Structure formats: structure tokens, C-alpha cells
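In: just to be clear, the model below is a prediction. Sequence and coordinates:
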Amino acid sequence: MKRTTLLIAFLLSLNFIQAQESIITTAVPFLLVAADARSAGMGDNGVATSTDAFSQQWNPSKYTFATDQQGFAVSYTPYLTDLVNDISLAQITYYNRYSDKSSFAGSFRYFGLGDIELRQDFDSPALIVSPNEFAFDLSYSLKLSEKFSMAVAGRFINSNLKVATENNDSSSSSSFAVDVAGFFQSEEIAYRDFNGRWRAGFNLQNMGPKMSYDNDDLNNNFLPANMRLGGGFDFILDEYNKIAVNLELSKLMVPTPQSSDLNGDGTITSEEERQNSDNYRSIGWFSGMLHSFTDAPGGFSEELKEVTYSLGSEYVYQDSFSFRAGYFYESPDKGAREFFSLGAGFKYTSLKIDVSYLFSASKVQNPLENTLRFSLTFNFGNKYENY
């Protein structure tokens, strides 16, 4: 058996990689997958939506606007269901708004790749491995005014994708990251035919050192540092009916790979490819974040292609039933993800159930296509009145 392996085929499918050199890939991309069915039903939109228990992934500063003091939530997302039945993403989240201005939250996310059978040859005994990745994070948020809050989060990340052989161990790779987030939510405003509420949010997430699977500085991978910006508006039609619309933009704060034609002669040699790879991997994680906004080979027009956007809407009736729809777009030159999504939510007393479904609109197969996602939320404790 060869020395190992980061399950390249799986990571390629997870990142929707095509042949272009300029597509950005990272370690632990599962951190960017929408784990909860509510945000998934709105086209992976969550940085500026109204507060829910899963705000930890999207924008933890929203917790200071929660109307329930505490919440506990679990979610389950099957993955690559057209190929296998044992790859999935699961998450557990808990938050506590322990005062009018402060809250804390924690979550645990686990990405299991199922059991993989490895053999030296047909007659050799099978080696069963179960690659997995997980992340554990804690956040603290504080209201700086009646309408604006900020939060910081710390995250421990572990990736156990390396397969043991006779010549090496299967030690996992780990790193840590931080998030910095903010959220604005206006008071309810009376318009001519309805009331309304504005929302806006940002989150700079997964900022931290690169991950190395072989203790080699030139064999490392950037974390999926990501900038999310979003806004939304609630049309409050009456005491029973509300419609929310949301727009979110997202960009990886990771360096763009450069062309391997280092001398510009139109021919790429193996030595140029190796040198270009070494140059890329030698970039520090912090400097890489700073230069990620200006380093695209195609200039500003290519930088714009690295921005994804999603549109989401949610209709809520009597705070008991919700119907959602969303659209997500990524440039064909940068990954080609494009999909529509639908979702619904049902609330009974303190219990809430959410489901979502994804329809791919891209020629590149989406690993979540034809997949139902489920979330379960239980809110309890005192009630807060924000307005």
C-alpha cells in the first residue's frame, strides 16, 4: 500500500474541482457546508437571517437577539447519497442568552466518511478504516447597542483522513481558528401598508493556521477562511403573517493558485509545476488572507468571480409554520455550484422541526443533490422581548 492519502477523490468532489488552476481548494471544506435545514432551505443563507439555534455556524452575534433564553438543536445531513449510504454530516448546538446583552454558545460538528475497505491485493486481509473530521467551537456575543451586537468564536478542528500503513502511522491533523462577527437588527418600523424590520450581518470565519498531514511545511493546506456579508428585510404583514427576504455574499479569504507557466513561454514543465506548488504552499495563512482580495491572475474581474451569492426567502405563519426557498450561484470558473432549494418548518410549543431539499442547476454534480436535510430544535427558559 502506498503512503498515504487524503482521500483525494472525495475531497475533489466536495470542492467541485474542475481542471482550471484558479479554483481555490482548502482543508476541511465540511466547515462551509450548511448543517441546518433552515439555512439550507434558503440557499445556504444565514449570516443576516433572524436568530435561531443554529446561528453558531453563520453568525453567533445573532444570539443576543434571541427571544428564547436557551436552545438546543441537532441536525443530520446525508452526503453523496447517489453513491454511498454511510457518509454524513451531523451537528449539535447549544446557546444560552444568560442576560439581556450577553450570550454564549457551543457546537460540535462531525463529518463521517463511513467505513472504507483497503487491501494490498485481492488475497490480502482487508483493513477497515473510518476517516472522519470534526470541529468543536465556543462563542461569546455582546450587545453593543439596542440594535447592534458583535461576537467572537474559537474553534478546534481535527481531520483524521490519513490511512495507516506498514511504513507510517495514521495520526490526524489539527488546527484552531477564530471567527469575528457582527449583526444589526432594527426596531419594527411602520410603513404605509405593513410593518418592517431591517437586518444586516457579517462574519469573518475560520481564520487560523494551515493544516499539515505529514508534518511538512510544504505539504499543508489552508483552512477555509471565509468572509460572509448579508442583509435582509422582514415584511410584517399582520400579527400572523411575515415574509423575510435575504441576500448573502461570500468569498474565501484564501490565496488564488497562480499559473504554473512561470517563465511565460507558453509551456509548463514538471519543474515549473513543482516550483509553483511550493510557492503556493509557502504562503503564510495570515498574509494569504490579506492578499486573497488582490491576487487573482485575471485581476478584479476574476476576484468578482470568487464571490458567491445566495438569495433566500421565508414565509412564516403565526410563528408555527414556515415555507422557504433559495437560490445559490458560484461562477463556472470557480467551482460551478448552482442550485435551488426548498424548505419547510413546523413548530409546536418549544419543539421545531425543519427540512430542506436541494435541486442542482449546474452541470457539475452536487453531493447534496436529491438529499433531504433534517434539523430539530428545542427552545426553553425565559422569554425576551426585544422591542
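Out: On my side now, so go ahead. No experiment lies behind these values; they were computed from the predicted model shown.

In: pLDDT weak spots in the chain?
Out: 1-21, 83, 119-123, 126, 162-171, 214-219, 261, 386-387 (pLDDT under 70).

In: now residue 150. Its backbone dihedrals?
Out: Backbone torsions for residue 150, taken as degrees, to the nearest 10, come to phi -130, psi 160.

In: thought it was touching residue 179?
Out: No. With contact defined as Cβ atoms under 8 Å, residue 150 does not count as touching residue 179 (10.8 Å). Just so you know, the C-beta spots here come from the backbone N, C-alpha and C atoms, and that holds for glycine as well.

In: between the two, which is the more surrounded one?
Out: residue 179 (25 against 17; other Cβ atoms under 10 Å).

In: now residue 30, what are its backbone angles?
Out: According to degrees, to the nearest 10, residue 30 has phi -60, psi -20.

In: let me know the secondary structure of the closest residue to it other than its chain neighbours.
Out: Nearest-residue entry for residue 30: residue 111, 4.1 Å, with adjacent residues in sequence omitted and distances by Cβ to Cβ, 6 or more residues apart in numbering. The three-state label given to residue 111 by DSSP: H, G, I helix; E, B strand; the rest coil is strand.

In: quick one: contacts for residue 111?
Out: Residue 111 makes contact with 30, 79, 88, 89, 132, 133, 134 under the criterion Cβ atoms under 8 Å, 6 or more residues apart in numbering.

In: can you select the buried ones among those for me in PyMOL?
Out: To isolate the buried subset of the contacts of residue 111 in PyMOL, counting by 16 or more other Cβ atoms under 10 Å, use the following:
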select buried, resi 30+79+88+89+132+133+134
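
In: re the thing from before, quick one: the residue nearest to residue 30 from residue 370, how far?
Out: 19 Å (Cβ to Cβ, to the nearest Å).

In: one step back: okay, and which of the contacts of residue 111 map to strands?
Out: Counting by DSSP state E, the part of these found in strands is 88, 89, 132, 133, 134.

In: got a list of what residue 370 touches?
Out: Residue 370 makes contact with 81, 82, 358 under the criterion Cβ under 8 Å, 6+ apart.

In: assign it to helix, strand or coil.
Out: Quick answer, by three-state DSSP: residue 370 is coil.

In: for the longest helix anywhere in the chain, which residues meet the burial criterion?
Out: When the chain is scanned for its longest helix (criterion: DSSP state H), the result is helix 270-281. For helix 270-281, the neighbour count (16+ other Cβ under 10 Å) marks 272, 276, 280, 281 as buried.

In: same question for stretch 246-260.
Out: Those would be 246, 247, 248, 250, 251, 252, 253, 254, 255, 256, 257, 260, for stretch 246-260 by 16+ other Cβ under 10 Å.

In: tell me the SS of the fourth one?
Out: Just to be clear, that refers to residue 250. Secondary structure, three-state DSSP: residue 250 is strand.

In: next up, the contacts around it.
Out: With Cβ under 8 Å, 6+ apart, residue 250 has these contacts: 226, 227, 228, 229, 307, 308, 309, 310.

In: how near is the nearest residue to the last one once chain neighbours are set aside to residue 177?
Out: Okay, so that is residue 310. Once flanking residues are discounted, residue 310 sits nearest to residue 43: 3.9 Å by Cβ to Cβ, 6+ apart. Remark: distance between residue 43 and residue 177 (Cβ to Cβ) = 25 Å.
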